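A.B. asks: after the sequence you'll find the predicted model.
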Amino acid sequence: HVQLVESGGGSAQAGGSLRLSCVASKATYSMNCMAWFRQAPGKEREGVASIGSYGNLYYSDSVKGRFTISKDNAKNTVYLQMNSLKVDDTALYYCASKASPEQNWSDFAYWGQGTQVTVS
């Protein structure tokens with residue numbers, strides 16, 4: 001059973017921090033690549049950060065140096081630590097997974113429901 005459940009969204013002031021969590025079912029967590037995406041109102045969904053099964057990391061230029069993706073294998077959980085938040089980071093953030101090990105923003109087959117992040 002494939003399941004992804006995000007939490008940790010909320011409101012923050014510019015310059016502040018939030019940490020998002022994504023708890024995955026075992027089948028989903030065992031996939032080769034997990035990632036965070038976001039979609040702001042009126043904009044297309046964009047990839048933010050991904051982590052491969054060997055811990056290899058990939059970030060979009062817009063968040064590099066500010067966001068950190070990590071995972072806890074014992075908890076089947078992927079995290080997104082967001083620091084130095086900007087108003088432009090306001091979006092609905094989604095957790096996603098795919099079987100392919102390729103670290104790009106394509107072919108993600110499984111998605112969570114999303115958690116809202118608002119920065120003011």
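C.D. replies: Sure, I can see it. Residues are numbered from 1 along each chain as shown.
A.B. asks: what's the distance between the residue nearest to the spatial centre of the chain and residue 27?
C.D. replies: Closest to where the C-alpha atoms of the chain average out (Cα atoms, centre = their mean) is residue 36, at 2.1 Å. The gap separating residue 36 from residue 27 is 19 Å, by Cβ to Cβ, to the nearest Å. Every residue, glycine included, has its C-beta placed from N, CA and C.
A.B. asks: tell me which residues in the lowest-mean-pLDDT helix or strand in the chain are buried?
C.D. replies: Lowest on mean pLDDT, DSSP states H and E among the helices and strands of the chain sits helix 26-29, with a mean of 74. Neighbour counts using 16 or more other Cβ atoms under 10 Å place 28-29 of helix 26-29 among the buried residues.
A.B. asks: got the CA positions of that helix in CSV?
C.D. replies: In CSV, the C-alpha atoms belonging to helix 26-29 read as follows (Å, rounded to 0.1, in the frame of the first residue of the first chain):
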residue,chain,number,x,y,z
LYS,A,26,7.2,0.8,4.0
ALA,A,27,6.5,0.1,0.3
THR,A,28,6.8,3.8,-0.6
TYR,A,29,9.8,4.5,1.6
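A.B. asks: contacting residues around that helix?
C.D. replies: 1-4, 34, 73, 76, 78, 97, 110 (Cβ atoms under 8 Å, 6 or more residues apart in numbering).
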